[in-house]
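Engineer: A structural model of the following input is requested.
(one chain, ligands or ions: 1)
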Amino acid sequence: MSPSLSPALRESPFLKACRREPTEVTPVWLMRQAGRYMPEYREVRAKVSFLELCKSPELATEVTVTAAERLGVDAAILFADILLILEPLGFDLEFAKGEGPVIHNPVREPKDVDRVRPLDDLGPLDYVFRAVRSIRSALRPGLPLIGFAGAPFTLACYAIEGGGSRHYEKAKAFMFRDPGAWDVLMARLTDATIAYLNAQAGAGAQVLQLFDSWVGALGPDDYRRSVQPHMARLFAGLAPGVPAIHFGTDTGSLLELQRDAGGDVIGLDWRVDLADGWARLGPGVAVQGNLDPVVLFAPEAEVRARVRGVLARAGGRPGHIFNLGHGILPGTPVANVLALIDEVHAHRA
Ligand code: CP3
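Structural biologist: Reported below is the predicted structural model:
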């Protein structure tokens, strides 16, 4: 399933850190590194809608590669969205102007779960795999490419809420009220995600990241009951030898449970101290994070000092991938993003 790695990729700082091997410099990449904060991205987006951009392998390649090269980061991330997988499962997805994602036919009743189709045919997502192949061949040979998917809980939140939400009251009420139907929905999302991620790895992604962006809305008992078994099955189903990053936000009370579910690298956001979080996770995993994305709105000297602060918490231990605790926000000054990367690369443990 996983194509063999070239020596340049195998020995890249990012893949070494995923395997917890020492690196000369700490590898860094940034979630949403290709996004609206960047003028080159806005220029492409002025011509096409967000979904058209995702569905054009040529344009997805352009924005992915431009961002990675302009920033000088240690990994590129496929340009796509976690919600694309919902279309072939039977959801009617729209990115409405100024509103964010909208799903016009959300799951609201247990019987609605029956219309969530299995992803037996990956054909409708072929544009993603074509983008992976095209990005892989456009990147410099030693720069790893990250493929990704939304984790089932976060996808279920969108599928049930029908869009973004502050408290996830519809999704969580569904989970509390109908645990059986919830598990069927989660199992379908899990099956689809395993097939989708393995196909991304087969097309040329070296690392896979699962975005469980909203899982911090749950307490530990609900995570253990309603999410962890599905996540454990998902990680167990991924192609062996392809490192997986397990990302979430606001997960301070869930870290050990997430680690037990799986992933070679665990994401930490800025609400946890990186050294404390890593101590709780133990030596068997690498960590990714954890600068507050809003720090990038501070003066450059403060950005650099905060970067050094995160690196000091990591203390030069093998297995730290520098990142923000969540995605770059629109309006972030590009100069500060470049300063962040420069500061990480200038650092010697
Ligand atoms: O990181 C990258 O550069 C790769 C591309 C990427 C996008 N979305 C592009 C995008 C990735 C990895 C995602 C993941 C994603 N999408 C997540 C998980 C990550 C996270 O932030 O927690 C989530 C929750 C989504 C769903 C989604 N997509 C939302 C809520 C929105 C609207 C929010 C907003 O900022 O408007 C999107 C749209 C989206 N996805 C944009 C980009 C660059 C902005 C679209 C635009 O150009 O207008």
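Engineer: list phi and psi for N323.
Structural biologist: phi -160, psi 180 (degrees, to the nearest 10).
Engineer: shouldn't it be in contact with L30?
Structural biologist: Yes: N323 is within contact range of L30, at 6.1 Å (criterion: C-beta atoms under 8 Å). In this view, the C-beta of every residue, glycine as well, is placed from N, C-alpha and C.
Engineer: those two - which one has more neighbours?
Structural biologist: A side-by-side neighbour count of N323 and L30, using other C-beta atoms under 10 Å, places N323 first with 29 against 25.
Engineer: pull the contacting residues for that one.
Structural biologist: When contacts are counted by C-beta atoms under 8 Å, 6 or more residues apart in numbering, N323 is found next to V28, W29, L30, M31, G267, Q288, G289, N290, L291.
Engineer: and which of these is nearest to the ligand?
Structural biologist: M31 (4.8 Å; C-beta to the nearest ligand atom).
Engineer: which positions in the stretch 151-300 of the chain make contact with the ligand?
Structural biologist: G164, F211, S213 (C-beta under 6 Å from any ligand atom).
Engineer: quick check: next helix or strand after the helix or strand hosting the second one?
Structural biologist: Yep, that's F211 we're talking about. Under DSSP states H and E, the secondary-structure element containing F211 is strand 207-212. Beyond strand 207-212 on the C-terminal side, the first helix or strand identified by DSSP H and E is helix 220-226.
Engineer: circling back to that earlier point, turn the residues of the stretch 151-300 of the chain next to the ligand into CSV, including pLDDT, neighbour count and distance to N336.
Structural biologist: CSV is the format used below for these (pLDDT from 0 to 100; neighbours: other C-beta atoms under 10 Å; distance: C-beta to C-beta, whole Å):
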residue, pLDDT, neighbour count, distance to N336
G164, 94, 13, 26
F211, 98, 23, 24
S213, 97, 21, 23
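Engineer: can you lay out those residues as JSON lines showing distance to L145?
Structural biologist: Formatted as JSON lines, the entries for these read as follows, by distance: C-beta to C-beta, whole Å:
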{"residue": "G164", "distance to L145": "28"}
{"residue": "F211", "distance to L145": "16"}
{"residue": "S213", "distance to L145": "21"}
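Engineer: tell me the one among these nearest to G316.
Structural biologist: For G316, the closest of these turns out to be F211, at 27.9 Å, with distances computed as C-beta to C-beta.
Engineer: that closest one against P152, yeah?
Structural biologist: No: using C-beta under 8 Å, F211 is not in contact with P152; the gap is 11.0 Å.
Engineer: residue of the stretch 101-250 of the chain nearest the ligand, please.
Structural biologist: Proximity of the stretch 101-250 of the chain to the ligand (C-beta to the nearest ligand atom) peaks at S213, 3.1 Å away.
Engineer: just give the nearest non-adjacent residue to that residue, would you?
Structural biologist: With C-beta to C-beta, 6 or more residues apart in numbering as the measure, T154 is the residue that lies nearest to S213, at 5.0 Å, once sequence neighbours are left out.
Engineer: tell me which helix or strand the one you found sits in.
Structural biologist: Using DSSP H and E, T154 falls within helix 152-161.
Engineer: pLDDT on that helix, on average?
Structural biologist: In this model, helix 152-161 carries a mean pLDDT of 98.
Engineer: the stretch 151-300 of the chain: helices as residue ranges?
Structural biologist: Counting by DSSP state H, counting those that start in this stretch, the stretch 151-300 of the chain has helices at residues 152-161, 169-177, 179-203, 220-226, 228-236, 255-261, 274-281, 300-314.
Engineer: flag the shaky bits of the protein, pLDDT-wise.
Structural biologist: 1-3 (pLDDT under 70).
Engineer: what residue of it is the furthest out?
Structural biologist: Seen from the C-alpha centroid of the chain, the residue lying at the greatest distance (C-alpha atoms, centre = their mean) is K111, 30.3 Å away.
Engineer: which ones are touching it?
Structural biologist: Residues in contact with K111, defined by C-beta under 8 Å, 6+ apart, are absent; none qualify.
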